[in-house]
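Student: kindly return the folded structure for what I paste below:
(chains A and B)
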Amino acid sequence: DFEEVNEDPNRIAQISPGTLINPIIYGLASHNADRSASITFDLMQVSLPFPSISGGLHRYDVSQNIGNSSWYWYYRWLNNIDEMLEASIAAEDENYEAIALTWRAMVFANLTDLFGPIPFTEATMGEEGNFYPAFDSQEFVYESILADLERANEIYNLDESMVYADDILFHNDVAKWQKFTNSLHMRLLLRISNRSETNAFQKLSAMINNPEMYPVFENTEESAILEVTGETPNVSPWGRPQDFRLSVKIAEFFVDNLNQWEDPRRPIIETMAQDADGNSIGYKGIPSAYAGAESQFEYNASTFNIEQVTNPMEIFILPYSEVEFIKAEVAQRGFTSGAEEHYRNGVEAAIEQLGAEVPAGYFDNPDVAYDGTLEQIMLQKYYALYFVDYQQWFEYRRTGLPELPTTEAMENDGIMPSRFYYPSDVQINNSENYQKALDLLGGPDDINTKVWWDE
Amino acid sequence: QQFNAKGKVVDQAGLPLPGATILEKGTSNGVVTDFNGDFNIDVASQDAILEISFLGFETIEISANDPDLSEVNLAEDENALNEVVVTALGIKREEKKLGFSQATVGSEKLSQAVPTNWSSGLKGKVAGLNIISSGSGPLNSQQITLRGNNSLNPNGNNALIVVDGVPVSSEMTTSGSGSAYGGSDSPIDYGNAISDLNTDDIESVTVLKGPGATALYGSRAANGALIITTKSGKQSKGLGVTYTSSVSLDVIQRWPDWQYEYGQGTGKSFDENGDPYYSYGSSEDGNNTGSTSSAWGPRFDGQQYFQYDPAVEGQGAERTLWRPYKDNRKAFWRTGVTSINNISLQGGNEKGSMRASVGYTDNEWIMPNTGYDRMTASVNANYQISDKIKINSVINYNNRNSDNLPSTGYNNGSIAYFMIFQNPNVDLDWYRPIWEEGQEQIQQIQPFSSFIDNPYLIAYEATNSLASSQIVGNLSATIELNPNLNLLLRTSLNTYNQDREQHRPYSINRFARGYFEAQDIWKQEVNSDFLLTYDKEISKDFSLSVSAGGNLRDYQYRRTDASVEGLVVPGVYKLANGINAPIINTYDRNKKVNSLYGLASFSFKDFIFVDITGRNDWSSTLPKANNSFFYPSVNTSFILSDMFNFEGDFNYLKYRFSFAQVGNDTDPYKTSKYYSQNAFPSSATVPTTLYNPNFKPEITTSYETGVETRFFGNRLKFDGTVYQTITKNQIISVPLDITTGYSSGVLNSGEVRNRGMELTFTGKVINTDKLRWTSTLTWSKNWNEVLELADGIDNQQEIGSGGQATLLAKVGGTTTAIYGYGFVRSPDGRIVYDKGGLPAYPSEIEYIGDASPDWEAGFYNSFQIGNFTLNAMLDGKYGGIIYSQTHHKLTQQGKLRSNFMGREEGFIIGDGVVLNDDGTYSENTKEVLPPDWYNRYYRRANVESNSFDASYLKLRELSIQYNFSKKLLKNTPILGLNVSLFGRNLATISDFPIYDPETAALNGDTILPGVELGQMPSPATYGFNLKVNL
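Tutor: Numbers count the residues shown, from 1 in each chain, chains lettered A, B, ... in the order given. Model prediction:
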C-alpha cells in the first residue's frame, strides 16, 4: 500500500480550467502594482526615494538584479497560465482558453519589453524535462502572441457562460474578457508600431474601424481594474501600507504638471507639503536625480497618500483610458479620425479611474486643451498609466515622451535605460542559451541595448 | 575434597548485585549470583581463591573460607574497562567490543546544573556533539548535530533521538510561519517535542556519533543518534522514594552597550542656529522630530524641549527636561523563576522491578507574561512472567501548557524589535497602560512610530498559547526460545498533540483589525519490531552472536491551521469572529518504512571483535522502482594490550575501525504532481518545486578509526577518533531557472564530505581519600567540503538566507559559508568611498566567512573534598563568524556607545580612498553627516561590517553539592540527603556585541546558523537543589 500512503491528503492532483484563474489574476496584478511603485515610479519621475544623496534608480543607477523579480514572477505565473490553457483545451472550454491566451500574451509582452529575447517556445517545459530553454527573438514573440490574441478574440463564445469559480476581475462576464483581449491587442500593436514592416497602425485602424468584430473597453467601469476587496486573500500587496511611502517623496516633474492643471487627482495620490514650521504649502515635490545635499530642500515634500494601497484598493491592469489614448494617437498620426475626442475621453477616464471628478472648465486650461500634438497625448497618457505596471516606461522608450528633465547628477549619461539585465541566475543555470540570447539581442547585456521594437 | 562456599555480593550501598561472576581461580569453574546477590559454589578445597567480578566494578579475589564472604563489597570501578553501553536497537554491549566511537553521559553528569531541557545538559560534554539554538524563548528549540552538516538541506542534519528503543525525531515544532526577517508574522518557538522528557527520569544518554554505530537504526540515523535510557526500578533498602526539588532564577547579564547620551532624531533636523533640536510633534521649536526610530538627535545637556506627555497622550503643554531613561529597555525584563519538583518510587524483587515518577516544572520566563508549566509522569516496569518470558514496559507522558510564548525574529511584533527601536529619551512607563484612553482593545499607545508596537501590547495582548501532551512509550517481551536463542518483540509509540492559538490585537502593526489563528496538530509514530538473537560459544576462543530483526514504521501527522484576518469584535479570538470566512490549510503527512536487518558479532579470544550488519529498507516516500535499498556496515575492535600483554604504566590499548553505509529516504509526496493550496475558493496553483518520479535514495558512507588507551593504573584515559563521512545522491531541492516554470526541482544531487577528529582526555588528577579531582577535556574539529552539486548548477547552491546574509554552498566550499556584500577595496586593501563620501557599493556578493567554528572544546572538572563536591564545566568554540542584523539596525539608528564617532563635530570623514577618473586613488576628504556614514558603513546588506568573530568561552555549569553523611542520617528515615547550589551560563567571554554569541536565526521551521536576526537576551541561571532518598 506504499502508493496509497504516498498520496498527498492535502493537495489536489487534478484541476479544472477555473482552478488557476484567480491566483493568476491576483498574483500578476499584485506583482505589477509592486513593480510599478518600486521601479516605474523612480524611472519615470513619479516619485523618488528621499533622502537619496547619490545613486538610486531615479539617477539611472540600475542594479544588476533589477529585473530578477519580474523574471521570476512572470515565468512562475506563465507556468500556471500554461496549465490553465491545457486544462481549458482538455475541457474544450473556449472562453477559458481565450482568457489563458490573453494573460499569456500580456505576460510574455512585458517580459520581452523588459529584457528583449526571452525563452518563449521552450519556456515552462520543466515538467517535460527541458531545464535549459532556448531564447526566442522579440520579433518572434510578438508575432506569436499577436496571433494568439487574434485567435482568442475569435474563439470567445458569449453564449457560453463561465462555469467555474467566480473570477475576481470580471466576475465571469465573457463580454468584458473579450474586450480585455482586444484592448490588450491594441496596446501591443501600438508597442511595435515603430517597426513599419509590422503594419501595426494599419492593423490598429482596422480594429478601431470594426468594433463589432473587435470590441474594446468603452468605459472605466469595464476596465481591467482589479478590485482588491480586503477579504483575504484578495488583499493589498502592501502588508504594511506605510511601507508604500516610507522614505519616498513625490517627484517634482509629476506634481508640477498636476499643479499646472489644478488637477483633482492630487489629493487622491499625494499629501500636501509643509514648510519648516509645519504649515501646508500645497503640493510640492523633490526633483528626481537632484544634485547636492538633501538639506537644500527646506520643506517636507509631498508623499503618497497611503489610502491608495490600503484595503480596499484598486490595481490597474489595463484601463479604458489607455484604449482612448491609443485611439487618439492612431488618429493623431492620421490613420483614423477624432483625435481630440479620444484625447478628451482619455483624460476624463484617467481622472475617473482614480475616483476623482473632472472639474468644470478643466479643458479650458490652455495646457490641457487639445493642441494636436503627440507630446500632449503622451503627457496625459503618462498620467493615465500611473500605477499600470511598467507601461509608462515602455511607452517612454517607444516615443521618448513625456519629456523628462535631466540633471547633472544622473548616471548613464542621463540616458533612460532601454532594458534590464538578464538575472545573473540565468547565466548560472542556463549559460549556453544565455550566450545565444546575446546574439539575438544584438548588443551587450546592459541597460542601453535597444530591443527590437525600439527604433 | 570439595568445599562448598556460600556468600552474598553487594555494592557499596549494601544493595545486592545479581549476576556477579564467582570464578574459582585457575579453573573454568564458576557461578553467578542470583537476584538477591547470593551464590553457592563447590570448589576444590577451602584454600581455593575466588575471583569475584561484575561489570563496572573492581574485581576482587578472596579466599573460599574467608568469613567476609557473607557480604562481599564490590567497589565501583570508575575506569571500568568493561563498561556496558547501550548500542543500536537497545543492545547492551561491552564497550571494548565496539568498533566505533561513542560517549555516554550519565544522569549525575547530565543533571548537575538541573537543566530544564535535558539536551542542554550535554553541552560541551561530548566531543563532536554540536547543539545550536536560536535563543528564542523559554522552550528554545535545539538542533542537535554530530560531526558536521552532512546535508545541503539545513533541516537534514539532525541526530536521531531514541528513548528506550523508541525512535523520535528531534524535529522542532515552530509555528512554521514567517521568516525571521520581517515575514508576514514572526516565528514562534514551541520547542522540540522531545525536550519535554523529564531530565530526572534519564539514566543515561549514549551518543552514537557516526553511521558506524547507527547503521542498524537505518535511514534516520545517518546523522548519528542519541540513545536515551530512562531509569528503571531497583530493589532498594528503604522505601525507594526519591524526591528532588529545585528553584532557580534567570538573570540577564549580557546586554548590548546601548548609548544614553543622545536622544531621538534623524541627525538632519537643525534649528536656525544650525544646532540639533527635538520636538515631539511640530512646535514653535520646529518640525516634528519625534517619529523617527533613530537616536541621532541632540545630546542630553540639561536643555528643555516639547516632549511626549503620557497624561495627554500627546505633546506636552510645556517644555520639559531633555533626559535619558537609562532603564527603558532593561526594566521591561524580569527575573525568571523556574521550580522543578520530582518524586519517584521504585522497588523490585527477583521477578521484576518498577519505577514510577511524577514531575512538575513551572517556568516564568524573563519576558513578562511568558513561560510554561510542564507535568511529566513515567512508569518503567519489567516482570519475569515465566522462566522463559520477560516483559518490559516504559511509558513517559508529559503535558505542557503555556499561555504565552514570545514571537521571535526581526519583526514589529517581536520584543527583540522593540529593544532595537526603543529610543533613549523614551520612558518605558509611557507604554504601560497599553491602550489609549477610551480606546481599550482598539488603539494601542504607540506614540513614536507605527513601526514600533507597544511592548506591553506584545507581551499581554499578542499572545501565543500552547497546550500539548506527548506519550513516548513501549511494550516489549523477551522470550527465551532455547538457551542460545532469544526473541524480542516490541511495539513502541510516540505521539503528541498540540493546540496552539495566536492572538493579534487591533492596531498592531501587521494586523490593523486583529488576527486569530488556531493550529491543531497530532502526530503519531508506531514502530513494531522483532529481534531474534542467537549466541554460541563455538570454541574456547571463538564465539558468535547472530541477530536478525525487522521493523515496521508507521508515521502519521495531521495539522490544520485555521485563521481569520480582521476581527469583528476587537479582542475576541474565535474563528466565528472573523470579518471574513476562516482560511483553512491542512498539512497532513503519512509515511511508512519497512525494514529487515541482521547483525553478526564474532569475537576471538576476547581481544578481536568484528561486527557485520546489513539492513534493507523499503520506504513509501521513494519512487516505486527505487524504494528498496540495502546498506552494510563492518566494525572491528582489537584489544592490542591483551594481544601483546602490555605491562607497566601502559594499561590498555584498543584500536577500532569501522566502515558503514546508511541509506536515506525523504519526505513524502515528492514523486508525483500536486497543485499547491491557495486561499482563493476552489483554487490552487502550480507548485514552484518540480516533482521527480525517478529519484534514488541518499547514501552516506563513513569511515572511522580510533584508539582508546589508558595509562598509570587507568588514571589517565585517552580516546581519539578520526572520521570521514560522505553523503551523496542527496535528495534536495535544486534551483532551476524559473523559465522552466519551476524555481527548483527535487533531484539527487550533491556530495558533501565531512572529515574530522575528536579527542577526549579523562584523568584522575588527584586521587586521595581527602581530595579527588577528576577532569575531562574534549576537543573536536570538523572539516566540511562540498564536493559536488547537481549537474548544470555546478556553481553554487543556496542553503538558506537571513536578512542579507546568504549561506551558499559552492563546490570546494562548505555548507555553512556565509556570503554577502562587503566593501569595495583598493589594491592596497583600503575601503573605497564614492564621490558622496560614503563607502561605495560593491556589485557582487563575496565570501565573508564561515558559520562553523574551527574547533570546539569542553573542559569538565569535578573536585570532591569530604562531603563536598564542586563541578565546573567550561566550553567554547573557536572561530567562525556570525552576522548580526541587530547590530546593523542599532548602529544605523545610532543606539550603541560605539556610534559616537563624529557626533560632536557633526561630520565624519570616512577613512578610505576615492577612485579617481584616471584610475588612481586618492584619500577620501568628503565630510558627511554621521547618520549617513553609519547608515552606509553598517548597512544591512554589508555582511562584512556587521559580522563578528563567533568564538566564545562560557562558564557553562557550576555546582557545589553537599552530601550528608550516613552517620548524620543514622537515626532518621532518610537514607540520602544532598543539597546543591548550581548555576548555568554564568559567564561569557566573546566579541559578539549583542546578547549571546550562541545564536542562530529561527527562520520558519529551520534554524539557520551564523545569522542573528532579532535576538532576545539569554539569561544566566542560579539555583538551589535538594535531593532526598527515603
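
Student: C-alpha from now on. contacts and neighbour counts both.
Tutor: Will do.

Student: separation between residue B:521 and residue B:496?
Tutor: 8 Å (CA to CA, to the nearest Å).

Student: residue B:206 now?
Tutor: Per CA to CA, residue B:206 is found 24 Å from residue B:496.

Student: residue A:301 too?
Tutor: 57 Å.

Student: same question for residue B:784.
Tutor: Separation of residue B:784 from residue B:496 (CA to CA): 35 Å.

Student: coming back round to it: residue A:301 and residue B:496: who's more crowded?
Tutor: residue A:301 (25 against 21; other CA atoms under 10 Å in any protein chain shown).

Student: tell me the contacts of the more buried one?
Tutor: With contact taken as CA atoms under 8 Å, 6 or more residues apart in numbering or on different chains, residue A:301 is in contact with A:249-250, A:272-274, A:283-286.

Student: let me know the closest of the residues you listed to residue A:314.
Tutor: Relative to residue A:314, the closest of these is residue A:250; by CA to CA it sits at 19.9 Å.

Student: what's the per-residue pLDDT of the closest residue to the closest one other than its chain neighbours here?
Tutor: Closest residue to residue A:250 apart from its sequence neighbours, by CA to CA, 6 or more residues apart in numbering or on different chains: residue A:47 at 4.2 Å. Note for residue A:47: predicted pLDDT of 97.

Student: find the closest residue to chain B in chain A.
Tutor: With CA to the nearest CA as the measure, residue A:124 is the residue of chain A nearest to chain B, at 4.0 Å.

Student: report the contact partners of the residue nearest the centre of chain B.
Tutor: Centroid check for chain B by CA atoms, centre = their mean gives residue B:142 as the closest residue, at 2.6 Å. Residue B:142 makes contact with B:119, B:131-134, B:172, B:191-192 under the criterion CA under 8 Å, 6+ apart.

Student: so how far is residue B:776 from it?
Tutor: Here residue B:142 is placed at a distance of 24 Å from residue B:776 (CA to CA).

Student: related to what we said a few turns ago, out of the contacts of residue A:301, which one has the weakest pLDDT?
Tutor: Pick the lowest pLDDT in the contacts of residue A:301 and you get residue A:274, at 89.

Student: that one contacts residue A:300, doesn't it?
Tutor: Yes. Using CA atoms under 8 Å, residue A:274 is in contact with residue A:300, at 5.0 Å.

Student: quick one: the helices in the stretch 201-350 of chain A, in order.
Tutor: Ranges of helices in the stretch 201-350 of chain A, per DSSP state H, counting those that start in this stretch, are A:252-260, A:266-269, A:320-332, A:339-353.

Student: and the contacts of the last one?
Tutor: By CA under 8 Å, 6+ apart, the surrounding residues in contact with helix A:339-353 are A:219-220, A:264-265, A:319-325, A:327-332, A:357-358, A:370, A:372, A:377, A:380-381, A:383-384.

Student: what's the closest of the helices of the stretch 201-350 of chain A to residue B:295?
Tutor: helix A:252-260 (30.2 Å).

Student: what pLDDT does residue 152 get?
Tutor: Unless you meant another one, I'm taking chain A. Note for residue A:152: predicted pLDDT of 98.

Student: the chain in question should be chain B.
Tutor: 80.

Student: quick one: it is in a strand?
Tutor: No. Residue B:152 is assigned coil when assessed by DSSP: H, G, I helix; E, B strand; the rest coil, not a strand.

Student: so what's it up against?
Tutor: For residue B:152, the contacting residues are B:730, B:732, B:750, B:752, B:799, B:809, B:815, by CA under 8 Å, 6+ apart.

Student: quick one on the thing from earlier: now, which of the contacts of residue A:301 lie within strands?
Tutor: Among the contacts of residue A:301, the residues falling in strands (DSSP state E) are A:249-250, A:274.

Student: ChimeraX command for the buried members of the residues you listed?
Tutor: Filtering the ones in strands among the contacts of residue A:301 down to the buried ones (16 or more other CA atoms under 10 Å in any protein chain shown) takes a single ChimeraX command:
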select /A:249,250,274
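
Student: next, give phi and psi for residue B:1022.
Tutor: Dihedral pair for residue B:1022: phi -130, psi 130, per degrees, to the nearest 10.

Student: spatially nearest residue to it, not counting backbone neighbours?
Tutor: Nearest non-adjacent residue to residue B:1022, counting by CA to CA, 6+ apart: residue B:983, 4.4 Å away.

Student: and the one you found, bridged to which residues?
Tutor: residue B:958, residue B:1022 (DSSP bridges).

Student: in this structure it contacts residue B:115, no?
Tutor: No. The criterion here is CA under 8 Å, and residue B:983 misses it with residue B:115 at 9.7 Å.

Student: between the two, who's got more neighbours?
Tutor: residue B:983 (25 against 20).

Student: just to check, residue B:931 is in contact with residue B:894?
Tutor: Yes. With contact defined as CA under 8 Å, residue B:931 reaches residue B:894; the gap is 7.2 Å.

Student: between those two, which contacts overlap?
Tutor: residue B:296.

Student: between those two, who's got more neighbours?
Tutor: residue B:894 (31 against 26).

Student: the more buried one contacts residue B:296, correct?
Tutor: Yes. Using CA under 8 Å, residue B:894 is in contact with residue B:296, at 5.8 Å.

Student: now do the shared contacts for the two.
Tutor: The overlap between the contact sets of residue B:894 and residue B:296 (CA under 8 Å, 6+ apart) consists of residue B:931.

Student: what's next to stretch A:378-392, contact-wise?
Tutor: With CA under 8 Å, 6+ apart as the test, stretch A:378-392 has contacts from A:32-37, A:39-41, A:44, A:110, A:315-319, A:321-322, A:325, A:346-347, A:349-351, A:401-402.

Student: now with 7 Å, please.
Tutor: Contacts with stretch A:378-392, where a contact means CA atoms under 7 Å, 6 or more residues apart in numbering or on different chains, come from A:32-33, A:35-37, A:40, A:44, A:316-317, A:321-322, A:325, A:347, A:350, A:401-402.

Student: of the residues you listed, grab the buried ones for PyMOL.
Tutor: Filtering the contacts of stretch A:378-392 down to the buried ones (16+ other CA under 10 Å) takes a single PyMOL command:
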select buried, chain A and resi 32+33+35+36+37+40+44+316+317+321+322+325+347+350+401+402
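
Student: greatest separation within the contacts of stretch A:378-392: which pair is it?
Tutor: Farthest-apart pair in these is A:35 and A:347; separation 24.0 Å (CA to CA).

Student: neighbours around residue 94, how many?
Tutor: All of this refers to chain A. Residue A:94: 20 neighbours (other CA under 10 Å).

Student: if you could check chain B rather than the one you did, that'd help
Tutor: Per other CA under 10 Å, the neighbour tally for residue B:94 reads 15.

Student: what's the closest non-adjacent residue to it?
Tutor: Leaving aside its chain neighbours, residue B:94 sits nearest to residue B:84 (4.5 Å; criterion: CA to CA, 6+ apart).

Student: name the residues of the stretch 701-850 of chain B found near chain A, please.
Tutor: Residues of the stretch 701-850 of chain B lying near chain A by CA under 7 Å from any CA of the partner chain: B:736-742, B:792-793, B:836.

Student: so which residues of chain B form helices?
Tutor: Assigned by DSSP state H, chain B shows helices spanning B:107-111, B:211-214, B:415-421, B:455-460, B:640-643, B:885-892, B:930-937.
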